[in-house]
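In: What follows is a predicted structure for the sequence shown.
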Amino acid sequence: MLNLRAALKTQLPAVFCALTPAFCALVARPFAETGICDDWSYIKTTQILAATGHIAYNGWATAMLGWQLFLGAFFVKLFGFSFTAVRLSTLIVAMTTGYLLQRTFVRAGVSEGNATLATLAFILSPLFVPLAFTFMSDVFGVFTIVLCLYMCLRAIQASTQRSMIAWIGLAAILNGIGGTTRQIAWLGVLVMVPCTLWLLRRKPGVLLIGGILNAAGIAIVFLSMHWFSQQPWSISESPIPPVIDLNAVETASRWLLRLGASLLLLLLPLLVAFVAPLLHANRRMAAVFAAVTLPCALFGALEHRRHALGNWLAPFCGDWVTDYGTLGHNFSILGTHPMVLPQSLCLLLTAATVICLASFLAVLFGSAPRSSSTAHKANDHSWRELGILLVPFSLAYMALLASRASVGLIFDRYGLPIMVLSLLVLTRYYQEKVRPRLPVSTFAMIVVFGAFAIADTHDLFSMYRGFLAATQEIRASGVPDTAIRGTWESNAWTQLEKVGYIDDPRARVPPGASVAHPAVVPAVLPPGCLSPFFWDNLSVIHPVYALSFNPSLCEGLAGFSPVTYRTWLPPHVTPIYIVKYPAIFSDRH
């Protein structure tokens, strides 16, 4: 009984982490019966799977989606089809990720309390919270990676060879299956599991049988890739950039630098813990701190003189949750979305990022005070073991990101797996080299970031409910969906409802299928009326009316009342206008 109570007490922090996304859902009310970012494509495939039992791609998904589709289809069978029902499956996976991540950190040598704070820093980050309420594949992918890491840690810690083989086999097979949702998660079976076998190489039986099981997992990878490449309307992307030249290298370097800066900003709740030791800094620590902050300050001053400082202000990859940000929904409606983060706050966040990074590097390379009371468990992994397990995976992941960055196709949500590994390393380093427990400042920053993430997620869904209300106002007058230039997501859904596919030249067109030609658009258009991306992919949309943040765009107001939506963050009340679209289309050929 005492052992059971002790076990339950140990699990409580992980259960708390698991319940945190559910709490966020109750507060933020993330419900909107419309697509967000790319999940309209994935939800349509899920809807067809639930109805027919077959996976049907539609010319947009580059992620295989795999088991994500079956989980979503299960919720459709359970509750009936709706965007919210499908997205509920993501919430369940996000909750499971919270539980598993806390236990993974503990297995990696982080204390229970510190592991809980590190997990909350991830679960409540502005990067994770909004994605947990969409049907994007990012949460499913990071869950697959965390599961593989947990099993690899268990394999290394196992006391018998039979247990080692079992954990390695589970890691390889489940990662092979799990990576079908988001192919980059296959780096688990391709890199992380082989690294685990290398650590256990002195056990011949484990190496042999584990190697066979890992080969089986890799076989799942290649069979899945072959199957996906044969599916109608699927899009297979090569990990090798189409062009490798100086321009591609420069583009990749710039975007990877932005992604790295965005990741540092999201790690502030942990990095802020390294500021306090600077109060007792020695000369070496002060020199390292100055070597980081002074060049950054000089760069900022030069960029300010060039009037280009805004390009390098936090959150670096674009406004969180809003345009070009976390969800990458940069094809919403006409006009410019109101700013959520004013430039003064962006400047403050940028300075905080630089100071906290400099503080961490000063502690890392200076003579930081060492903790004398940190307890070490017998099954804690050494830094060498963690390095062999995490560094090759991280390098392989960054190499794949560099491929996408070379053509500018990179978003801050791609940093989720690296954020997990960074939190693990930072937390364990702090408790071993500085103090056993993370400071109150870490908890305070988690609360601040979490509050912002919940508020902005609420505002995101409020905005999309506003878009939907404005669209329904136009429909009520008898106008068909094909005549409404609404959000990219709603127009893409209309395209799928009408013809079943998106006009993307990368898609594998089945034999005998006819592909609609894009619209022919004249060169001169009223200001703000055209997004080339929009016309190249949606052949069925012939706009008569359009949604806009600006009432003067295109041919001005169309006689409909504006629709307003309310947000918790400024500007609090935002109107959505319905404007006339110019008659610019020629006949389709």
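Out: It's in. Numbering: from 1, shown residues only.
In: Quick check, central residue of this structure?
Out: The chain has R413 as the residue nearest its centroid, 2.8 Å off, counting by CA atoms, centre = their mean.
In: Would you check that that one makes contact with L127?
Out: Yes. R413 is within contact range of L127, at 6.1 Å (criterion: CB atoms under 8 Å). Where C-beta positions appear, they are placed from N, C-alpha and C, glycine not excepted.
In: re the thing from before, so the residue nearest to the centre of the chain: helix, strand or coil?
Out: helix (DSSP: H, G, I helix; E, B strand; the rest coil).
In: and L438, how many neighbours does it have?
Out: L438 has 26 neighbours, counted by other CB atoms under 10 Å.
In: Quote the end-to-end distance of stretch 44-61.
Out: Separation of the first and last residues of stretch 44-61 by CA to CA, to the nearest Å is 11 Å.
In: what about that stretch, distance to the chain center?
Out: For stretch 44-61, the separation from the chain centroid amounts to 23 Å (computed by CA atoms, centre = their mean, to the nearest Å).
In: Going forward, the N-terminal residue is numbered 10.
Out: OK, 10 is where the count begins now, so the last one is stretch 53-70.
In: Pull out the buried positions in that stretch.
Out: 53-59, 64-70 (16 or more other CB atoms under 10 Å).
In: Among the residues you listed, which one lies nearest to K442?
Out: Of all these, A70 has the smallest distance to K442: 44.1 Å, by CB to CB.
In: helix or strand for the closest one, which one?
Out: Under DSSP states H and E, no helix or strand contains A70.
In: and the residue nearest to it when sequence neighbours are not counted, how many residues sit next to it?
Out: Nearest residue to A70, sequence neighbours excluded (CB to CB, 6 or more residues apart in numbering): S50, at 5.3 Å. Neighbours of S50 under the rule other CB under 10 Å: 24.
In: Tell me which residues are up against the host helix or strand of S50.
Out: Assessed by DSSP H and E, S50 sits inside helix 48-61. Outside of helix 48-61, the residues within contact range by CB atoms under 8 Å, 6 or more residues apart in numbering are 43-44, 63-67, 69-70, 72, 74, 77-79, 81-82, 85-86, 90, 92, 95-96, 143-146, 498-499, 501-502, 505, 511.
In: got it, and stretch 24-38?
Out: Outside stretch 24-38, the residues touching it (CB under 8 Å, 6+ apart) are 100, 103-105, 107-108, 110-111, 125, 128-129, 132-133, 138, 141-142, 459, 462-464, 466-467, 470.
In: From the chain's centroid, how far away is that stretch?
Out: A distance of 18 Å separates the centroid of the chain from that of stretch 24-38, by CA atoms, centre = their mean.
In: Put the alpha carbons of it into CSV.
Out: Only the C-alpha atoms of stretch 24-38 are listed here, as CSV (Å, rounded to 0.1, in the frame of the first residue of the first chain):
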residue,chain,number,x,y,z
VAL,A,24,-1.0,14.0,-14.5
PHE,A,25,-1.0,17.7,-13.7
CYS,A,26,1.0,18.4,-16.9
ALA,A,27,-1.4,16.2,-18.8
LEU,A,28,-4.5,18.1,-17.6
THR,A,29,-2.9,21.5,-18.4
PRO,A,30,-4.0,21.5,-22.1
ALA,A,31,-7.5,20.6,-21.1
PHE,A,32,-7.5,23.6,-18.7
CYS,A,33,-6.3,25.8,-21.5
ALA,A,34,-9.2,24.6,-23.7
LEU,A,35,-11.8,25.5,-21.0
VAL,A,36,-10.4,29.0,-20.7
ALA,A,37,-9.6,29.8,-24.4
ARG,A,38,-12.7,28.3,-26.0
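In: average pLDDT for it?
Out: The predicted model gives stretch 24-38 an average pLDDT of 96.
In: The helix or strand of the chain with the lowest mean pLDDT: what's the following helix or strand?
Out: Among the helical and strand segments of the chain, the one scoring lowest on mean pLDDT, DSSP states H and E is helix 541-546, with a mean of 60. Using DSSP H and E, the helix or strand that follows helix 541-546 in sequence is strand 554-557.
In: Strands along the stretch 410-559 of the chain, start to end?
Out: 493-494, 554-557 (DSSP state E, counting those that start in this stretch).
In: For the ones you listed, give me TSV that also has mean neighbour count, mean pLDDT and distance to R444.
Out: What follows is the strands of the stretch 410-559 of the chain, written out as TSV (neighbours: other CB atoms under 10 Å; pLDDT from 0 to 100; distance: least, CB to CB, whole Å):
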stretch	mean neighbour count	mean pLDDT	distance to R444
strand 493-494	25	91	56
strand 554-557	25	92	53
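In: got the residue ranges for the strands in this protein?
Out: 493-494, 554-557, 572-575, 582-589 (DSSP state E).
In: Please name every helix or strand in contact with the shortest one.
Out: To tie it back to what came earlier, the one meant is strand 493-494. helix 449-484, helix 497-508, strand 554-557 (3 or more CB pairs under 8 Å, 6 or more residues apart in numbering; DSSP states H and E).
In: how about the strands of the stretch 410-559 of the chain, which one is nearest V252?
Out: That would be strand 493-494 among the strands of the stretch 410-559 of the chain, by CB to CB, at 33.3 Å.
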